[in-house]
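Okay, structure incoming, though there's no sequence with it:
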């Protein structure tokens, strides 16, 4: 009787079975293995299974024997531990710049890196997370094109858009292409930003990657700039939340209980000046933008702008403008 065409691939299918179906909580008996191979139209005897397991171990697949009521075998080491995969799944699911559909695709691929039984734990994490996601399906390909352009020192072109109240794209510059020299990518406040350099203006600017479309590398070399003098961490702090505004040196005062929130936002290297009244001051460069003022305002009476006077005045005017939106009835 002719053997199955899959018979010659017995070891490959056996490796596939171990990777997909076995883990420490779900060891496979020799009988389980024979049945699983039969599903691929592959015949196996008990003696040959033992020999094949030894060959897989010699190849580098770590398989251990587990004895309880019966003897079972399972893969002990994979490229990723289950805890690491859970971390990656949560990162993908919570990333706003990855669309819901693309998140599901990536999580399915991550799930294939562990056993079917352990993959169920990853699915549980997907259902627990329900966060706002971008609507731009091409964002991952945009990031890839940007990285390629940076590595090859080429300029890129792209379109930049906002969303209307009907969730439709409204392109800036009437849909005309932007041209820029990509410098680096920055993840800030759950958003991905591209930082670019302009040789014409001699300055840096930034764009939300999920608001970019038609990203393409060009044949034109990027504008020359001294990367060693560009500090991305300082740039991110200076623009404070990636919103435009005049950068000023500010003295801010906080009640001591807010020290964790301040350090989370500005970093542990920020200079803190404690006082005897249960408060502390910091000196920091901030962008005089609505984002900065709203961040200060959320702490209520436990945070105060002390200097400069211009920043104090802007905060005062902003509070006045907001009060006008809520007149007494």
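Thanks, I have it. Predicted model only: the values in this text are computed from it and were never measured.

hey, let's count contacts and neighbours off CA atoms from now on
Fine.

Can you read off the pLDDT for the most centrally placed residue in the chain?
Within the chain, the residue whose C-alpha comes closest to the C-alpha centroid is residue 95; the distance, by Cα atoms, centre = their mean, is 4.9 Å. Here, the pLDDT recorded for residue 95 equals 76.

Just give me the neighbour total for the nearest residue to it once chain neighbours are set aside.
Beyond its immediate neighbours in the sequence, the residue positioned closest to residue 95 (Cα to Cα, 6 or more residues apart in numbering) is residue 190, lying 6.6 Å away. Number of residues near residue 190 (other Cα atoms under 10 Å) recorded here: 10.

what's the pLDDT at residue 190?
Residue 190 is assigned 70 on the pLDDT scale.

which ones are touching it?
Under the criterion of Cα atoms under 8 Å, 6 or more residues apart in numbering, the contact partners of residue 190 comprise 95-97.

what do you get if the cut-off is 10 Å, keeping everything else the same?
Contacts of residue 190 were listed using Cα atoms under 10 Å, 6 or more residues apart in numbering, and they are 94-97.

Give me the residue ranges of the stretch 1-150 of the chain where confidence is low.
Of all residues in the stretch 1-150 of the chain, those with pLDDT under 70 make up the ranges 1-3, 124-136.

Which residue ranges of it form strands?
In the stretch 1-150 of the chain, strands defined by DSSP state E, counting those that start in this stretch lie at 63-67, 71-75, listed in chain order.

ok, back up a step: tabulate the contacts of residue 190 (CSV), appending distance to residue 115.
CSV is the format used below for the contacts of residue 190 (distance: Cα to Cα, whole Å):
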residue, distance to residue 115
94, 23
95, 25
96, 28
97, 29
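
for those, which one is nearest residue 111?
Of all the contacts of residue 190, residue 111 sits closest to residue 94, with 16.6 Å by Cα to Cα.

Please identify the buried residues of stretch 143-157?
Applying a neighbour-count criterion of 16 or more other Cα atoms under 10 Å, one finds 143, 146-150, 153-157 buried in stretch 143-157.

Mind checking what secondary structure residue 196 has?
Three-state assignment for residue 196 (DSSP: H, G, I helix; E, B strand; the rest coil): strand.

Across the sheet, point out what pairs with it.
Applying DSSP bridges to residue 196 yields these beta-bridge partners: residue 182, residue 205.

surely it meets residue 185?
Yes. Using Cα atoms under 10 Å, residue 196 and residue 185 qualify as a contacting pair, with a distance of 9.0 Å.

what about the helices in the stretch 151-300 of the chain?
Taking DSSP state H, counting those that start in this stretch as the criterion, the stretch 151-300 of the chain carries its helices at 232-239, 259-266, 290-297.

Kindly calculate the angle that the last one makes with helix 259-266.
Read it as helix 290-297. An angle of 170 degrees separates the directions of helix 290-297 and helix 259-266 when computed by axes from the mean of the first three to the mean of the last three Cα atoms, to 10 degrees.

which stretches of the stretch 201-329 of the chain have low pLDDT?
For the stretch 201-329 of the chain, the stretches with pLDDT under 70 are 237-245.

which of the strands of the stretch 1-150 of the chain sits most buried?
Highest mean neighbour count of these: strand 71-75, a mean of 20 (counted as mean count of other Cα atoms under 10 Å).

can you list the strands of the stretch 1-150 of the chain in CSV and add distance to residue 264?
Listed next are the strands of the stretch 1-150 of the chain as CSV, based on distance: least, Cα to Cα, whole Å:
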stretch, distance to residue 264
strand 63-67, 44
strand 71-75, 41
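
thinking again about what came up before, mind putting the helices of the stretch 151-300 of the chain into a markdown table with mean neighbour count?
Output for the helices of the stretch 151-300 of the chain, formatted as a markdown table (neighbours: other Cα atoms under 10 Å):
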| stretch | mean neighbour count |
| --- | --- |
| helix 232-239 | 17 |
| helix 259-266 | 14 |
| helix 290-297 | 16 |
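
Nearest approach to residue 17 belongs to which of the ones you listed?
For these, distance to residue 17 was read as Cα to Cα. The smallest value, 45.9 Å, belongs to helix 259-266.
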